[in-house]
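> Okay, here's the prediction I keep looking at, along with the sequence it came from:
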Amino acid sequence: GFVHVGEHKRFHYLAELNADRDAPVMLWFNGGPGCSALDGWLYEHGGVHFGDGGALVVNEWRWSLAAHVVYVDAPLGVGFSYSTDKQQRYDASDTSTLVDNVAFVRALFEHKLAPLGANALYVAGESYAGVTVPLLAAALGARRGARGL
């Protein structure tokens, strides 16, 4: 699905929900920057992966067995995330990525995953997400402690 961030930004996400409503929520970001989170979903720990001959098969070790996993295409311009503003530049900085990611998380829990808003929240990723994930986790922790998401 898509989460609208501001007037023009559309962030793509794929939610793989756990059967237990009280399971923690994990946001997953692939790195790069520039790598879609669908890479993590299809090739690493998502619900399906490619089996022999290229067929999709159920991943017995999918992370959604332990948590609600939300795969996020970020920053803007990565994967299926885009802007409807034709003047939008896609040269994101760590700061602009942080601002957009915080806005994405707020909108995600306000409009798409509201019933899971009180669940434990984890933020994870790989590669360059090792820079953006700690920034996002710190910002969300400060917001949650002060005003909530």
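Perfect, I can see it now.
> Flag the shaky bits of the protein, pLDDT-wise.
Residue ranges of the chain with pLDDT under 70: 143-149.
> run the last query once more with 50
146-147 (pLDDT under 50).
> could you pull out the strands for it?
Counting by DSSP state E, the chain has strands at residues 2-5, 9-16, 25-29, 48-50, 56-58, 68-72, 82-83, 121-125.
> Pull up the pairing partners for the first one, direction included.
In other words, strand 2-5. Sheet pairing of strand 2-5 (DSSP bridges) gives strand 9-16 (antiparallel).
> Compute the inter-axis angle for the strand it pairs with and strand 25-29.
In terms of direction (axes from the mean of the first three to the mean of the last three C-alpha atoms, to 10 degrees), strand 9-16 departs from strand 25-29 by 120 degrees.
> export strand 9-16 as PDB, just CAs?
Extracted C-alpha coordinates of strand 9-16, given in PDB (Å, rounded to 0.1, in the frame of the first residue of the first chain):
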ATOM      1  CA  LYS A   9       4.800  12.300  -1.200                       C
ATOM      2  CA  ARG A  10       3.600   8.700  -1.400                       C
ATOM      3  CA  PHE A  11       5.600   6.100   0.500                       C
ATOM      4  CA  HIS A  12       5.200   2.500  -0.400                       C
ATOM      5  CA  TYR A  13       5.100  -0.200   2.200                       C
ATOM      6  CA  LEU A  14       4.200  -3.900   2.500                       C
ATOM      7  CA  ALA A  15       2.800  -5.100   5.800                       C
ATOM      8  CA  GLU A  16       3.100  -8.800   6.700                       C
END
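> how far is that strand from where the chain is centred?
7 Å (C-alpha atoms, centre = their mean, to the nearest Å).
> coming back round to it: now the strands of the chain in TSV, with distance to V133 and mean neighbour count?
Every C-beta, even on glycine, is put in place using the N, C-alpha and C of the backbone. As requested, these are exported to TSV (distance: least, C-beta to C-beta, whole Å; neighbours: other C-beta atoms under 10 Å):
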stretch	distance to V133	mean neighbour count
strand 2-5	18	18
strand 9-16	15	20
strand 25-29	6	25
strand 48-50	23	14
strand 56-58	27	10
strand 68-72	11	26
strand 82-83	22	18
strand 121-125	4	19
